[in-house]
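K.L.:
Okay, predicted coordinates and the sequence, questions at the end:
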Amino acid sequence: MKKIAVIVAGGTGTRMGAGLPKQFLLLKNKPLLYYTIDTFLRAYDDLDIVLVLPEVYTDMGQEIIDAYFDKDRVRITIGGISRFESVKNGLQLVDDEAIIFVHDAVRCLVSPELIRRCYEQAVETGSAVPVVPSSDSVRLLTEDGSDALDRENVVLVQTPQVFHSKLLIPAFSIEQKGKFTDEASVVEAFGMKVSLVEGEKNNIKITHPIDLVIAEQLLNGNPA
């Protein structure tokens, strides 16, 4: 069965306060996007990538592909105004039955081991969503203030979120809703359950400038 990774890099990264979208910022002299693409291509020799980019940055994305990768394994499509629309655009390039990975481009420290673990779970159950325990206390905001939650019952969700195409593609035919912050929420709204797998603490999402510092330390083999 085919393996296709839809790598979502459709945002502009305004929270980074940089001139470029964060997926193009340099980490050890290479763009963040390089590390993400490289890890997926190394995880499986028969995996292809659909890279979802803002329209004005497709040329920059193509330059990265041409410089570092086999261009036959990476295709580019244009993102939408929301994550839901960007993923939906990427899924339109999936023609055959496949196991589909959807991954945030700026989770550039994802490991081949996590990719494979998610794949194996998705083959078995149809879905795989990596999660890590919350190390912080957690509260739920309410109209009257907030309520403490038992953090033992709370997990933090990561990507890649992996699904059989027979589940994921039909799920993205439903109407977009504000609560759709990831693919798992879309699949659940479609009426399907998702399977959780163990994520990785180092699989951080580059969102703020300090995250770049942490990522460089991790790439250098130093604990954050």
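P.N.:
Here it is on my side, so go on. Numbering: from 1, shown residues only.

K.L.:
Figure out the length between the terminal residues of stretch 153-162.
P.N.:
22 Å (C-alpha to C-alpha, to the nearest Å).

K.L.:
what's next to it, contact-wise?
P.N.:
Applying C-beta atoms under 8 Å, 6 or more residues apart in numbering, the external contacts of stretch 153-162 come out as 5, 99-104, 107, 110, 114-115, 118-119, 121-122, 127-134, 138, 182-184, 196, 199-200, 203, 205. For glycine as for every other residue, the C-beta is placed from the backbone atoms N, C-alpha and C.

K.L.:
Low-confidence ranges, this structure, go.
P.N.:
For the chain, the stretches flagged by pLDDT under 70 are 11-18, 223-224.

K.L.:
quick one, helices of it?
P.N.:
Using DSSP state H, the helices of the chain run over residues 32-43, 58-68, 83-91, 112-125, 165-171, 183-189, 209-219.

K.L.:
now the third one, how far from the chain's geometric center?
P.N.:
Looking back up the chat, that one is helix 83-91. 12 Å (C-alpha atoms, centre = their mean, to the nearest Å).

K.L.:
so what secondary structure elements neighbour it?
P.N.:
Judged by 3 or more C-beta pairs under 8 Å, 6 or more residues apart in numbering; DSSP states H and E, the packing partners of helix 83-91 are strand 2-8, strand 47-53, strand 74-78, strand 98-104.

K.L.:
again, but for the longest one
P.N.:
Contact analysis of helix 112-125 by 3+ C-beta pairs under 8 Å, 6+ apart lists helix 32-43, strand 98-104, strand 127-133, strand 161-164, strand 196-198 as its packing neighbours.

K.L.:
wait, which of those is closest to Ala9?
P.N.:
Each of these has some distance to Ala9 by C-beta to C-beta; the shortest is helix 32-43, at 6.2 Å.

K.L.:
on that earlier part again, now the helices and strands packed on helix 83-91 in JSON lines, with mean neighbour count and distance to Gly191?
P.N.:
Listed next are these as JSON lines, based on neighbours: other C-beta atoms under 10 Å; distance: least, C-beta to C-beta, whole Å:
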{"stretch": "strand 2-8", "mean neighbour count": "23", "distance to Gly191": "22"}
{"stretch": "strand 47-53", "mean neighbour count": "23", "distance to Gly191": "25"}
{"stretch": "strand 74-78", "mean neighbour count": "18", "distance to Gly191": "27"}
{"stretch": "strand 98-104", "mean neighbour count": "25", "distance to Gly191": "18"}
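
K.L.:
For those strands, please prepare CSV with the additional fields distance to Lys22.
P.N.:
Listed next are these as CSV, based on distance: least, C-beta to C-beta, whole Å:
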stretch, distance to Lys22
strand 2-8, 12
strand 47-53, 13
strand 74-78, 18
strand 98-104, 10
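
K.L.:
so which of those strands comes closest to Phe40?
P.N.:
strand 2-8 (4.7 Å).
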